[in-house]
Each structure stands twice: as C-alpha cells, then as structure tokens.
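Participant: Sequence and computational prediction follow.
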Amino acid sequence: MKAGKLAYGTDMCVEKIKNKKAKLIIVSEDASDNTKEKFSYLCKDNNIPLYLYGAKDDLSRSVGKNNKTVFAILDTNFAKSIKQMVEDLKGAIC
C-alpha cells in the first residue's frame, strides 16, 4: 500500500478501473450482491481479472484499514503474484 500498488474502497477502485490502472480486483466474499455485480460488470467490460476472496474484516486488517470490501492491485508484477496465490487457494470467477 505504501508503494502505491494498491487501491481500496469502492469509489477508488472504480476510478482505477476506469483509468485503466487496475490490473486485478479482489472483492470480499461477504460483500453485498450489488457490489459483487457492479465489479463483475466493470471488470468484464475492462478485461480485468476479478476474484471473490476472503472476508472483508480479514482483508481490511491485512492493509491496516476497516470495512473495505474491494481492492485494486495497480502493479502488473504484484497482480501476477497475488493472482497466482489466489488461484492456488481458490479460482477465478471471470
């Protein structure tokens, strides 16, 4: 996060997707159906991998924030590393 390779929160992540800066989106499994659907469409339209992974409390705590359900990875190499870890544990939805 300090290196500027991560964005969090719905509004910031939407902005990064629209500006073509997001390389990977992670939405917590306990996000609202509306949030999941919104990011599913945005990611499909912009050809960005989207993963449903983890609980928002755990994901938020991992970046030192509270109540964040959406995260955008902004660096290609960082995205590849996270994508590989998540795929090893779970699997892509799109």
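Facilitator: Yep, that arrived. Computed from a prediction, not measured in an experiment: that's the story for all the values here.
Participant: where does the protein have low pLDDT?
Facilitator: Within the chain, the ranges that satisfy pLDDT under 70 run 1-3, 90-94.
Participant: for it, what spans make up the strands?
Facilitator: Remark: strands assigned in the chain by DSSP state E are 6-8, 24-27, 50-52, 70-73.
Participant: I'd say K21 and D75 touch.
Facilitator: No - between K21 and D75 there is no contact under CB atoms under 8 Å: 9.6 Å. All C-beta spots, glycine's among them, are computed from the backbone N, C-alpha and C.
Participant: quick revisit: tell me which of the strands of the chain sits nearest to E87.
Facilitator: strand 50-52 (8.3 Å; CB to CB).
Participant: Could you check how far A31 is from S81?
Facilitator: Noted for A31: a distance of 23 Å to S81, by CB to CB, to the nearest Å.
Participant: hang on, the earlier thing: higher neighbour count, K21 and D75?
Facilitator: D75 (16 against 13; other CB atoms under 10 Å).
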